[in-house]
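Peer 1: What shape does this take:
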Amino acid sequence: MKPILFVLTLALALPSTAFAGQCQDDLALIDKALAERDLAPDERDQIEDMRNQAVQLCGAGNEQEGIDVLSEAKAMLDLD
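Peer 2: Numbering: from 1, shown residues only. Take a look at the predicted model:
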């Protein structure tokens with residue numbers, strides 16, 4: 001439960017203008033899946049790391065790289 005709170009806190013702490021469009025939509029999908037699913041700890045950690053990496057990429061203006069990372073995370077969660 002604590003990792004979920006960390007992820008949600010991080011998402012709320014970042015200004016919504018730090019990432020736009022597809023990044024924001026994909027992040028919302030991943031956050032919802034992380035909150036609702038019972039994942040193995042190592043899988044959850046990997047997806048959270050990918051999510052956080054994508055936040056940094058999208059926030060730095062590397063939106064396409066962020067979207068690529070988010071696509072991998074969505075595939076792991078069977079969201080595609």
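
Peer 1: If you count neighbours, what's buried in the longest helix along the chain?
Peer 2: Assignment by DSSP state H gives helix 41-59 as the longest helix of the chain. For helix 41-59, burial by neighbour count (16 or more other Cβ atoms under 10 Å) applies to 44, 47, 48, 50, 51, 54, 55, 57, 58, 59. Placement of C-beta: from N, CA and C, glycine included.

Peer 1: Quick check: closest non-adjacent residue to the most centrally placed residue in the chain.
Peer 2: In the chain, the centroid-proximal residue (Cα atoms, centre = their mean) is residue 51; its distance is 3.0 Å. Nearest non-adjacent residue to residue 51, counting by Cβ to Cβ, 6 or more residues apart in numbering: residue 30, 5.4 Å away.

Peer 1: Tell me which stretches of the protein form helices.
Peer 2: 2-13, 21-36, 41-59, 63-76.

Peer 1: I figured the residue nearest to residue 51 hits residue 77, correct?
Peer 2: Yes: if you go by Cβ atoms under 8 Å, residue 30 and residue 77 touch, sitting 6.8 Å apart.

Peer 1: Need the residues touching each of the two.
Peer 2: Each of residue 47 lies in contact with both residue 30 and residue 77 under the rule Cβ atoms under 8 Å, 6 or more residues apart in numbering.

Peer 1: if you count what's nearby, which of the two comes out ahead?
Peer 2: Each of residue 30 and residue 77 has its neighbours counted (other Cβ atoms under 10 Å); residue 30 has more, 23 against 17.

Peer 1: Return the residues in contact with that one.
Peer 2: Neighbours of residue 30 in contact, by Cβ under 8 Å, 6+ apart: 47, 51, 70, 73, 74, 77, 79.

Peer 1: Apply 10 Å and report the result again.
Peer 2: By Cβ atoms under 10 Å, 6 or more residues apart in numbering, the residues touching residue 30 are 7, 11, 47-48, 50-51, 54, 70, 73-74, 76-77, 79.

Peer 1: still on that earlier bit, mean pLDDT for the helices of the chain - can I get that in a markdown table?
Peer 2: Formatted as a markdown table, the helices of the chain follow (pLDDT from 0 to 100):
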| stretch | mean pLDDT |
| --- | --- |
| helix 2-13 | 62 |
| helix 21-36 | 95 |
| helix 41-59 | 97 |
| helix 63-76 | 96 |
